[in-house]
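Asks: sequence and predicted model, in that order:
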Amino acid sequence: MPKVNGGDLPILIAGGGIGGLAAAYALARKGFSVRLLEQSDAFREVGAGIQLGPNIFRALEKLGLKDEVLADAHIPPGQEMRDALTGELITEMPLGAEYFAKFGQPYAVTHRADIHAVYLKACQSNNLITLETKRRVADFTESRDDITVRLDDGEDVQGRALIGCDGM
Ligand SMILES: Cc1cc2nc3c(=O)[nH]c(=O)nc-3n(C[C@H](O)[C@H](O)[C@H](O)COP(=O)(O)OP(=O)(O)OC[C@H]3O[C@@H](n4cnc5c(N)ncnc54)[C@H](O)[C@@H]3O)c2cc1C
């Protein structure tokens, strides 16, 4: 791999949700070392269900994690949209084989904790990724060659780049 700014420093990621873990794993698969800094005391996903469209499955296929995510997901046969007041059917869309034939990937629903767990397990089994909890990113400063992240406990962490995956 060619030497770039930041030398052998890791890429820093702020946030260990679905986005941060997916970014960490994708970078590690390309040979980059990653330090992922999560503010909470544990890696966990809050919330309930999440829809997974064909674009997600294309990305998961590239990461080699499609089968693991599908194992806990449900592929509904169809989707109906109804009037919120009357319940009258407005439109419906088949989501099974017909949908797959059109988009080349499925539409599925899963629990957020399940897809988060797939990414977490993948990251934990990749030795280029360091997962750190209780590490809240408070600030950062950039130089020509690297970036320094200031944690809220005052510690500085150096990296070749910082990716913000801290949610909305
Ligand atoms: C109501 C709702 C429904 C949605 N439904 C869908 C859907 O069906 N399908 C779909 O694809 N998308 C959906 N989305 C969008 C998708 O859920 C989000 O884009 C996705 O979950 C965001 O993941 P994330 O990892 O980027 O952020 P988050 O899940 O918010 O994770 C951010 C992480 O960063 C950590 N963090 C925050 N600040 C710091 C800091 N300073 N230092 C260190 N760590 C920090 C947090 O503790 C957290 O762990 C929905 C969004 C909403 C709001």
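Replies: That came through, no problem. Numbers count the residues shown, from 1 in each chain.
Asks: quick check: buried residues in the worst-scoring helix or strand of the chain on mean pLDDT?
Replies: Of all helical and strand segments in the chain, the minimum by mean pLDDT, DSSP states H and E falls on helix 97-103, at a mean of 92. Buried residues in helix 97-103, counting neighbours by 16 or more other Cβ atoms under 10 Å, are found at Tyr99, Phe100. To be clear about C-beta, it is placed using only N, CA and C from the backbone, and glycine gets the same treatment.
Asks: need the residues that contact that helix.
Replies: The contact list for helix 97-103 (Cβ atoms under 8 Å, 6 or more residues apart in numbering) reads Pro54, Met93, Pro106, Tyr107.
Asks: am I right that the second one sits in a helix?
Replies: No: with DSSP: H, G, I helix; E, B strand; the rest coil as the criterion, Met93 is located in strand rather than a helix.
Asks: counting neighbours, what do you get for it?
Replies: 11 (other Cβ atoms under 10 Å).
Asks: near the ligand, which residues of the protein show up?
Replies: 14-20, 37-40, 50-51, 136-137, 165-167 (Cβ under 6 Å from any ligand atom).
Asks: among these, which lie within helices?
Replies: The helices, defined by DSSP state H, take in Ile18, Gly19, Gly20 from the residues of the chain next to the ligand.
Asks: Thr141 is in contact with Val157, correct?
Replies: No: using Cβ atoms under 8 Å, Val157 is not in contact with Thr141; the gap is 11.6 Å.
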